[in-house]
Each structure stands twice: as structure tokens, then as C-alpha cells.
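Participant: Below is the sequence, then the predicted model.
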Amino acid sequence: MDKYLDRLGIYAARLVSQKEYFVPGHRACQGCAEALAVRLMSKASRTNTVIACATGCIEIFSSPFPLTSWMVPGIHVAFENTAAVASGIESGLKAIMRKGRIPLKKINVVGIAGDGGTSDIGLQALSGALERGHNMVYVCFDNEAYMNTGIQRSSSTPFGASTTTSPAGKVVPGQTTWKKNMPEIAAAHDIPYVATACPSYPFDLMEKVRKAAEIEGPAYIHILSVCPTGWRLPPELSIHAGRLAVETGVFPLYEVERGRYKLSIDLPELRPVQEYFRIQGRFRHLTEEMVNKIQRRVREEYEKLKKKVMMTREG
């Protein structure tokens, strides 16, 4: 942890500028960690960036026609084809540079979508873009449900969470499947860079976006975005909830750089998951048995991740 904190000053000096590329005036809910995450991502990407943004919370709250909070060019794309459009932008830019229509220069192509637009309906387009090796960054802002359309479950909704389509009842206690591991799915494509991030750790998030933008080839960043509305927690607890997600091991922060795993924060001991659940209404129905079941799963997954880190370190 000390080593991580020592790096923060370096990141702040390198990355944090006064210039904003995602400005106030949007219509995000109070305490929306996704809006903060988008702002931090934009600061790290800076100029010479083109955004492909899927329909979802981000697009809806950031660009109510005829206004926009974006200070960089972007395209509003359909729910399912963020990665397809981003890869088309990247290919098109290379073609017109090759023909001399614009100067040869580095342009960051960034595709952004929520967990539904990434792990569900957009997975086929994302897999194709990663497999083809497009020089682009794909960022998933994961608030763990289809929040924009009424808090419906997605394959990224955690086990036990109550949503409008996985309601907690006497027979079925909320979501019955485990959260899809999108970072590992992306890493399985053998791409140069995969990372997880959370706006509760802003400098870590910005450094990962900067690294992803500079690396040659496709990069994938999965950002946990606390949603006070859908998670049923007070807006002022958004940052605290994000930190608890990391400190309990529910959402570990790590990188996979050219196949080598590295923990961003190596926790010697995880906090109990109950501390994370306690502040969220979507988990208030959980029994002690279910909490224990989730706790075992979190520890098992965290140990599997640490083993991957050790294996690549020794290799």
C-alpha cells in the first residue's frame, strides 16, 4: 500500500491538468461515480481523442440534444456496436493519413459503453475488434445493471443483488448467477493491455488510461462505477462504496500487460464483504448463509488472481 501511495504524487504531477474535456452541465444523478470516472478518463486521454459512445447512461446524461458535455469529438452509436464503430474510426483514420488527407499523428480512439453494452449485447463486436488488433482503447463503465432503462439485471450484476428483473423474493433471492469476468475475457484475446479501475482511486485510473492510450494495439479497461440510484445507497457514499469494493476483494484492481498480471493494490487481508453490502439497499435481503457463500467465492477468486500474479512474476 505504501508503494502505491508513493506513486500517487508522480501520477498527479504527470496527469492532472486544469483543462477539462468532460465539463459540467450534464444530467447525471447526484453522486454518480460514472460521471466522475468519465471525467478522469477524459483528463488522462486529453486532446487528439475521438470517442465512440454507446447508448446508455453516459450518452443520455452527457449529450441532451442540442447540448453536450464533451470537449472532444465523438459519435453516439447504437447499444451493441461501440467496438465496431471505434474500430471503423481507427481504420478510417489510418486510411486518410496514408492518403495524406490529414497529417500523420497519434489520435486516441476510445470506445465507451456500460456493462450491458459490453458484456451482453456488445460482446460480439468487442471480441471481433480485440481479435483484429485495432489500435484503440475500449472502456467499460460498469454500474452492474441496465441503470438507464430501469435497473434491469445484466450479466455483470453480482450474485444476490436485487434488480427490477432479478427481484429479491422468498423463492429467488435476487440475482442467481455470478458476475461475468469481462477483464479475463478480454485478456483471453491476448491483447497488449487489460486493467481494472475505480474512480475511488483516481490517480490509478488515470495512469491506466494513459498507459492504454500510449500502448500500440487494443487495450481494455473495466471501471467499476458506483450507481447510488441502482445500488440504493446515499449519494455521498459513492467513493466510500468504491473503496470498499476494492478493499473487500469484490473488485480487485490489477493490470494484465502483455500477459503479465500485476496487482495495483496488494491487500494482505481482505475486509469482510458484509461491510460492502451493509450500505447498499440492493443487498439488504441477503441471509447470513448467502453472505458466507459470497465471501468464500470472493476469497477464492482473489487467491486465483494472486496466483496468476505470482506465476507471471516468477516467469
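Facilitator: Arrived safely, thanks for sending.
Participant: Helices along the stretch 51-200 of the chain, start to end?
Facilitator: Remark: helices assigned in the stretch 51-200 of the chain by DSSP state H, counting those that start in this stretch are 57-62, 82-98, 115, 123-132, 182-187.
Participant: Out of those helices, flag the one nearest T176.
Facilitator: Comparison of these against T176 by CB to CB identifies helix 115 as nearest, at 17.3 Å. C-betas here are computed from N, CA, C, even on glycine.
Participant: Could you list every helix and strand that that closest one packs against?
Facilitator: strand 137-142 (3 or more CB pairs under 8 Å, 6 or more residues apart in numbering; DSSP states H and E).
Participant: then the strand it packs on to CSV, C-alphas only?
Facilitator: Only the C-alpha atoms of strand 137-142 are listed here, as CSV (Å, rounded to 0.1, in the frame of the first residue of the first chain):
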residue,chain,number,x,y,z
VAL,A,137,-8.9,1.7,-26.1
TYR,A,138,-12.2,0.2,-25.0
VAL,A,139,-13.5,1.4,-21.6
CYS,A,140,-16.4,-0.4,-19.9
PHE,A,141,-18.1,1.7,-17.2
ASP,A,142,-19.7,-1.0,-15.0
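Participant: got the contact list for that strand?
Facilitator: The contact list for strand 137-142, computed with CB atoms under 8 Å, 6 or more residues apart in numbering, reads 34, 37-38, 41, 45, 57-58, 82-83, 86, 108-115, 118-119, 126, 129-130, 156, 182, 186, 209, 212-213, 218-225.
Participant: how long is stretch 263-283 from one end to the other?
Facilitator: 27 Å (CA to CA, to the nearest Å).
Participant: buried set for that stretch?
Facilitator: By neighbour count with 16 or more other CB atoms under 10 Å, stretch 263-283 contains the buried residues 263-264, 267, 270, 273, 276-277, 279-280, 282-283.
Participant: tell me which of those residues is nearest to S17?
Facilitator: Among those, and counting by CB to CB, the member closest to S17 is S264, at 22.3 Å.
Participant: Give me the neighbour count for the nearest residue to that closest one once chain neighbours are set aside.
Facilitator: Leaving out its chain neighbours, the residue that sits closest to S264 by CB to CB, 6 or more residues apart in numbering is L253, at 3.9 Å. When counting by other CB atoms under 10 Å, one arrives at 23 neighbours for L253.
Participant: if we can go back for a sec, in strands, which of the contacts of strand 137-142 fall?
Facilitator: 108-114, 219-224 (DSSP state E).
Participant: Neighbour-wise, give me the winner out of those.
Facilitator: Using other CB under 10 Å as the neighbour criterion, G111 leads the ones in strands among the contacts of strand 137-142 with 34 neighbours.
Participant: Before we move on, what's the pLDDT of the nearest residue to that residue once chain neighbours are set aside?
Facilitator: Spatially, and ignoring its direct neighbours in sequence, G111 is nearest to A86 (3.4 Å; CB to CB, 6+ apart). pLDDT, A86: 98.
Participant: any idea how far A86 lies from S200?
Facilitator: Going from A86 to S200 by CB to CB, to the nearest Å gives 26 Å.
Participant: Which one of the two is surrounded by more residues?
Facilitator: Under the criterion of other CB under 10 Å, the comparison of A86 against S200 puts A86 first, with 30 against 24.
Participant: Would you check that the more buried one makes contact with I107?
Facilitator: No. Using CB atoms under 8 Å, A86 makes no contact with I107, being 11.8 Å away.
Participant: what's the pLDDT at R313?
Facilitator: R313 is given a pLDDT of 81.
Participant: In terms of helices and strands, where is it?
Facilitator: helix 288-314 (DSSP states H and E).
Participant: buried stuff in that helix?
Facilitator: By neighbour count on 16+ other CB under 10 Å, the buried set for helix 288-314 is 290-291, 294-295, 297-298, 301-302, 305-306, 308-309.
Participant: cool, stretch 132-141 as well?
Facilitator: Per 16+ other CB under 10 Å, stretch 132-141 contains these buried residues: 134-141.
Participant: Straight-line length of that stretch, end to end?
Facilitator: End-to-end distance (CA to CA), stretch 132-141: 23 Å.
Participant: same deal with stretch 50-64?
Facilitator: Using CA to CA, first and last residues of stretch 50-64 are 19 Å apart.
Participant: Kindly report the same for stretch 180-195.
Facilitator: Using CA to CA, first and last residues of stretch 180-195 are 15 Å apart.
Participant: How about that stretch, which residues are buried there?
Facilitator: Within stretch 180-195, the residues that qualify as buried are 180, 182-183, 185-187, 189, 191-195, counting by 16+ other CB under 10 Å.
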